[in-house]
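J.: Sequence first, predicted coordinates after that:
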Amino acid sequence: MKAKKPIVIVLAAVAAVIALFIAIVGGYVAYVALQYYRIEDNLALEIVGGREESVSRGESYSLMSYNLGFGAYSPEYSFFMDTGVMDDGSEVVGKYAKGMSKEDVQKNVDGQMTVAKEADADFYFFQEVDVKADRSYDIDMYARAVGEFEGYASVYAENFHTANLLYPFGDPIGKTNAGILTLSRFKTESSVRRSFPVTTSFIDKLFDLDRCFAVNYLPVEGSDKKLVLINLHMSAYDEGGTIRAEQLNMLNEVLKSERDKGNYVIAGGDFNHCLIADKFENDEAALTYFESKQLVPDWVKNSVLHESELAEGFCIAASINAATCRGADIPYEKGINYSTVVDGFIVSDNVTVLNESTSDTQYAYSDHNPVVIKFRLD
């Protein structure tokens, strides 16, 4: 009997350790679950600063959209949630969850602001703008952008807020607060945050964004109509494209409602859909237009947007002079990464598109290139 006591003690100790581990894991899961919430729909957004001058019909204006990628995406950067397949069949997966270093993120943010200021646009749509986030080393990208564009009205809509996420274990994301930012050289009367449908999977929704779009209303000189500028960022990690289809349906409802009022409407940003299919004979030609040594990813293969899918009276404005987004499953190398056009604009038929173009930065500061549209209100 005495010989059994050490075994009993060891077993009891092991059971205690297991119970403690389960308690810690359970407590952490409960903490994450309690921290998660969806931001309400139809939330009025604060407009900070700006001028009293209104836009006018017959004048030309420019709008840039740029996904800043939380300042992390240097050419050497790959993201842990991105996967791909090389044309020889080998599978690849990204490495990092956070920026590679604070200095690297700062370098990217500096470069992004230089590129944006050189465009001298009247309006800016920025996505993946961190306010306070471990992944970007607490660099306040919102404050930096607002400071760079002094005199512009700014509207910020939060779309990513997390508890302290400990995954991936070697490079945990930590806490994040981020959103989309709209800047306007002209008077903005009001703005509202609309909540896109998102995944209901508990794990997936913790690592994906609280997807939304900001609807900004600008008065038009000598008219009772409004210029409606919609800054958006649709879902990326959406197997089969089912959530993006729901998001498109919601967006179309808003587009139709605003056009029915006679308003001038431009929706732009990161659609996470291939936007150039109507320029080609078929989807395959569009999806493989840019040189690559990777297969077409399933996420974009299942999300090709055609004008026939839009609300009546709207068209797509997207350029093919350069791709706007690279695959982030491997570091960037020209002609190797899969790339396509997912950033662009949807425009109502009372707006004339004068020019559309992509600024080819060779992904120097983000996994996206900025896109610019020049337009006129008819």
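T.: Thanks, I have the structure now. Since this is a predicted model, take the numbers as computed values, not measurements. Numbers count the residues shown, from 1 in each chain.
J.: what's the offset of stretch 332-347 from the middle of its chain?
T.: Relative to the chain's own centre, stretch 332-347 is displaced by 14 Å; criterion: CA atoms, centre = their mean, to the nearest Å.
J.: First-to-last residue distance for that stretch?
T.: One end of stretch 332-347 sits 32 Å from the other (CA to CA, to the nearest Å).
J.: Low-confidence bits of the protein, can you list those?
T.: By pLDDT under 70, the weakly predicted segments of the chain are 1-4, 24-25, 28-37, 200-209.
J.: dump the residue contacts of the most centrally placed residue in it.
T.: Closest residue to the average C-alpha location of the chain: residue 233 at 4.2 Å, with CA atoms, centre = their mean. Residue 233 makes contact with 67, 127, 128, 159, 180, 209, 211, 212, 213, 269, 270, 272 under the criterion CB atoms under 8 Å, 6 or more residues apart in numbering. C-beta: built from backbone N, CA, C; applies to glycine.
J.: Closest to residue 171 out of these?
T.: Taking CB to CB as the measure, residue 171 lies nearest residue 128 of those, at 17.9 Å.
J.: gap between the closest one and residue 83?
T.: Residue 128 is 19 Å from residue 83, where distance means CB to CB, to the nearest Å.
J.: Give me the more crowded residue out of those two.
T.: Neighbour comparison, residue 128 and residue 83: the larger count goes to residue 128, with 26 against 16 (by other CB atoms under 10 Å).
J.: That one contacts residue 178, doesn't it?
T.: Yes - if you go by CB atoms under 8 Å, residue 128 and residue 178 touch, sitting 6.2 Å apart.
J.: Can you work out which residues contact both of these two?
T.: By CB under 8 Å, 6+ apart, the residues touching both residue 128 and residue 178 are 70, 160.
J.: Now do residue 165 against residue 81, distance only.
T.: Separation of residue 165 from residue 81 (CB to CB): 12 Å.
J.: which of those two has more neighbours?
T.: Higher neighbour count among residue 165 and residue 81: residue 165, with 18 against 15, using other CB under 10 Å.
J.: What segments of the stretch 1-150 of the chain are helices?
T.: Assigned by DSSP state H, counting those that start in this stretch, the helices in the stretch 1-150 of the chain fall at 5-35, 102-119, 141-148.
J.: Can you spell out which helices and strands pack onto the top strand by length along the chain?
T.: Looking across the chain with DSSP state E, the single longest strand is strand 153-165. In terms of contacts (3 or more CB pairs under 8 Å, 6 or more residues apart in numbering; DSSP states H and E), strand 153-165 is packed against helix 5-35, strand 47-48, strand 123-133, helix 141-148, strand 174-184, strand 190-195, helix 202-207, strand 212-219.
J.: Out of the ones you listed, indicate the one that is most buried.
T.: Most buried of the helices and strands packed on strand 153-165 by mean neighbour count (mean count of other CB atoms under 10 Å) is strand 123-133; its value is a mean of 26.
J.: mind exporting that strand as PDB, just the C-alpha atoms?
T.: Extracted in PDB, the C-alpha atoms of strand 123-133 (Å, rounded to 0.1, in the frame of the first residue of the first chain):
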ATOM      1  CA  PHE A 123     -11.300  63.100 -51.500                       C
ATOM      2  CA  TYR A 124      -9.500  60.100 -49.900                       C
ATOM      3  CA  PHE A 125     -10.800  56.700 -48.900                       C
ATOM      4  CA  PHE A 126      -8.400  54.800 -46.600                       C
ATOM      5  CA  GLN A 127      -8.900  51.300 -45.300                       C
ATOM      6  CA  GLU A 128      -7.100  49.300 -42.600                       C
ATOM      7  CA  VAL A 129      -6.200  52.400 -40.600                       C
ATOM      8  CA  ASP A 130      -5.000  51.400 -37.200                       C
ATOM      9  CA  VAL A 131      -5.600  53.800 -34.300                       C
ATOM     10  CA  LYS A 132      -4.200  51.700 -31.400                       C
ATOM     11  CA  ALA A 133      -3.100  48.200 -32.200                       C
END
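J.: Just give me the neighbour total for residue 71.
T.: If you count neighbours by other CB under 10 Å, residue 71 ends up with 29.
J.: Just to check, it is in contact with residue 130?
T.: Yes - the pair residue 71 / residue 130 is scored as a contact, 6.8 Å apart, by CB under 8 Å.
J.: Any chance you could list residues touching both of the two?
T.: Counting by CB under 8 Å, 6+ apart, the contacts common to residue 71 and residue 130 are 136, 139, 141.
J.: of those residues, closest to residue 338?
T.: Nearest to residue 338 among these is residue 136, at 25.0 Å by CB to CB.
J.: Report whether the expected contact of the closest one with residue 68 is present.
T.: No - with contact defined as CB under 8 Å, residue 136 does not reach residue 68; the gap is 9.6 Å.
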